[in-house]
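Asks: Just the structure for this:
(4 chains)
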Protein chains: 2
Amino acid sequence: MDNDKSMEKSKDLLKNRKVKAPLYISVYGDILNMIKEGTFKNGAKLPGEYTLAKQLNVSRGTLRQALLLLQEDGLIYNRQGKGNFVTSSKAKIEEGLEGVFHAPLRFNIEKYDDILVNVDFRAATKKMQEILSMDSSKLLVLFEFTYRIKEQNVCYSTLFIRYDNIGGFEVDLNDKVKLMDFIHNYIENNISNILTNIRVVSVRDFIAKKLNVPPDDKLLCFDEIMYSNEGVAIIRAKSYFRTEYYEFFLNRK
Amino acid sequence: MDNDKSMEKSKDLLKNRKVKAPLYISVYGDILNMIKEGTFKNGAKLPGEYTLAKQLNVSRGTLRQALLLLQEDGLIYNRQGKGNFVTSSKAKIEEGLEGVFHAPLRFNIEKYDDILVNVDFRAATKKMQEILSMDSSKLLVLFEFTYRIKEQNVCYSTLFIRYDNIGGFEVDLNDKVKLMDFIHNYIENNISNILTNIRVVSVRDFIAKKLNVPPDDKLLCFDEIMYSNEGVAIIRAKSYFRTEYYEFFLNRK
DNA sequence: GGTGATTTGTCCGTATGTATC
DNA sequence: GGATACATACGGACAAATCAC
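Replies: Just a heads-up that it's a prediction; the model follows:
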């Protein structure tokens, strides 16, 4: 392809576009501007679709096409029966995945109403023994986190630590707030490297039940192994996210 | 909870487990060992489920439970009508997302049979003007990549660059192999920072058609803005992945 | 816990313009 | 020019989720 020729072709494209840019694109631009200018602020609800359509002088269908585009760009999100909301840009300006230990606490687009914590002990499965390079006589401490929004479980996260790694600390396993602080501190002080595997999985019975989603629903899964300064695997964490409640960021240099 | 008491409780748990560990767990362990030991190598097909079940002396149902666990751990993947395959561990030992420019080329779990490349020119939409801080008189070059496995589109990726950024280079827009090399080199030499937004989206008509998936199918979406050494946004890339063909890694320190 | 109002989700029918052959 | 297919746009109707009372 000759560059001059394609330049011509593209100018034609420009001219044509000016005449026939679809209405929903310009509506998209209008709403984008209103968000930009602060007419609709972070986390705020947009006017109802009927109202907004009337305001913008388009049909509801056209408005919805524009709203879908905005959703696709992560600028708004919506909830049936509630409305359309401007996505809080908190995460965008703060640290991304590259500097965050526990993703469930950072990348939720709505605030949690509740976090359930459960602590238990487990014998290590073969896979766990291999990952954490331990034998079957050692015990694992299992932390189980369930994150909730409006009576719905939106994230289920498990964290396995070798008991002999944290047994020495004085931790009250009942005080869940302190417990989470402890874990956070423990990770911050003892972990130097996290290998994360990210994939989308169709969940089966166990996880489907935990998150109360239909089986075969697709969830985002973070499978993480955390290594100490000495390169020893200490923690394995696995988190399942209901996709419509999360948005992740990563900063690469 | 008292630590001694919970230790007792957990020992009980251990004892119980020894007796009634489900069969599919031990089958899971067996297969894991076989993969570990190289009986089944990277990318290799496992024996058919009927055969394997007979080999391991369990029912096909039990075997399948174990296979599902292995899938959940990303160790194998399966394809209806073809079989179960050991996931290539290439990505696991190489660099993760933190050091990769173009994710579609690194995180596919099967080899691509084909990559389609298309080049076009576009006028900048409002959003694009804002992102790339340009006015509407400027042109964008659009690169469009479609990654294919066995006649199926598994990833669709677009890359927008300001024309004035690459117009000076002598690039033959028809030689697609050289084109991809050029882009890769351009990014490597001119980009110092990439901000990635990761989310799972229900795709509508346009993308659904590009990847030939039913509408409302959930795809993983990477929305990226690439910045030059001077902190200027130069490239916007957007990639959609069919989730069953990809697995991502991230190394955080 | 039930009821009704509000809000989004979905579907239908109709009409128009555009691209393709 | 004609036939066809498709995207765009509007309006109406009902379903489903949410919330306030």
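Asks: going forward, measure contacts and count neighbours with C-alpha atoms only.
Replies: Will do.
Asks: Can you list the buried residues in the helix or strand harbouring residue A:225?
Replies: According to DSSP states H and E, residue A:225 maps onto strand A:218-228. Neighbour counts over strand A:218-228 (16 or more other C-alpha atoms under 10 Å in any protein chain shown) mark A:218, A:219, A:220, A:221, A:222, A:223, A:224, A:225, A:226, A:227, A:228 as buried.
Asks: partner residues bridging the fourth one?
Replies: According to DSSP bridges, residue A:199, residue A:240 are recorded as the beta-bridge partners of residue A:221.
Asks: what pLDDT does it get?
Replies: Note on residue A:221: pLDDT of 93.
Asks: so how far is residue A:202 from it?
Replies: 10 Å (C-alpha to C-alpha, to the nearest Å).
Asks: got it, and the last one?
Replies: Spatial separation of residue A:228 from residue A:202 under the definition C-alpha to C-alpha is 31 Å.
Asks: check whether stretch A:138-151 contacts DNA strand C.
Replies: No - counting by C-alpha under 7 Å from any atom of the strand, DNA strand C is not contacted by stretch A:138-151; separation bottoms out at 13.6 Å.
Asks: Greatest separation within the buried residues of strand A:218-228: which pair is it?
Replies: A:218 and A:228 (32.0 Å; C-alpha to C-alpha).
Asks: show me where the stretch 101-250 of chain A has helices.
Replies: A:126-131, A:163-166, A:176-190, A:205-211 (DSSP state H, counting those that start in this stretch).
Asks: Pretty sure residue A:126 sits against residue B:29.
Replies: Yes - contact criterion C-alpha atoms under 8 Å: residue A:126 and residue B:29 qualify, at 6.2 Å.
Asks: the more surrounded of these two?
Replies: Shown here are residue A:126 and residue B:29; by other C-alpha atoms under 10 Å in any protein chain shown, residue A:126 has more neighbours (20 against 17).
Asks: dump the residue contacts of that one.
Replies: A:136, B:29 (C-alpha atoms under 8 Å, 6 or more residues apart in numbering or on different chains).
Asks: Looking at it now. What's its pLDDT?
Replies: 73.
Asks: Could you report the separation of it from residue B:186?
Replies: 46 Å.
Asks: What count of nearby residues applies to residue A:95?
Replies: 14.
Asks: check contacts around it.
Replies: Residue A:95 neighbours (C-alpha under 8 Å, 6+ apart): A:249, A:250, A:251.
Asks: Pull up the gap between it and DNA strand C, please.
Replies: Relative to DNA strand C, residue A:95 is positioned 29 Å away (C-alpha to the nearest atom of the strand, to the nearest Å).
Asks: And for residue A:189?
Replies: Taking C-alpha to the nearest atom of the strand, one finds residue A:189 at 43 Å from DNA strand C.
Asks: what does residue A:240 give?
Replies: Separation of residue A:240 from DNA strand C (C-alpha to the nearest atom of the strand): 22 Å.
Asks: That residue reaches residue A:147, doesn't it?
Replies: No - using C-alpha under 8 Å, residue A:240 makes no contact with residue A:147, being 10.3 Å away.
Asks: More neighbours: which of these two?
Replies: residue A:240 (26 against 23).
Asks: Can you get me a residue count around residue A:150?
Replies: Residue A:150 has 10 nearby residues by other C-alpha under 10 Å.
Asks: Done for today, thanks.
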